[in-house]
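Give me a model of this one.
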Amino acid sequence: MMGFDMDVVEYAAVKVDFRSLEAIIEFLSKGDDGFYVHDFVEMQSELCYLCKEVRDVHKSSENRTPIPPGMSLNLIRQRSASIA
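Coordinates of the predicted model:
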């Protein structure tokens, strides 16, 4: 699993439309420019829930995806799958 929590991997898979393992890894990893392509996922912390890094290392640092208290990424993934 390359050190990623399973709920984070499942969330990434939904966000990249289950295209490929490479797409998931690219979504969760820093690019050559030193930035993440995923939005900052805020969860009661100053760190991104997905990568555990600060907002400034995300390409779209002004965009953020707040996670309400008590909600898990797994639940969000399930809801996204039922909508699609």
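
From Ser45, how far off is the closest residue to Ala23 other than its chain neighbours?
Distances taken as Cβ to Cβ, 6 or more residues apart in numbering place Val16 nearest to Ala23, at 4.2 Å, with adjacent residues excluded. Placement of C-beta: from N, CA and C, glycine included. From Val16 across to Ser45, the span is 24 Å (Cβ to Cβ, to the nearest Å).

Comparing those two, which residue is more hemmed in?
A direct count of neighbours by other Cβ atoms under 10 Å for Val16 and Ser45 places Val16 higher, at 19 against 10.

any idea how far the more buried one is from Val41?
For Val16, the distance to Val41 - Cβ to Cβ - is 14 Å.

same thing with Asp56?
In terms of Cβ to Cβ, Asp56 sits 15 Å off from Val41.

who's more crowded, the two?
It is Val41, of Asp56 and Val41, that has more neighbours when counted by other Cβ under 10 Å, with 19 against 8.
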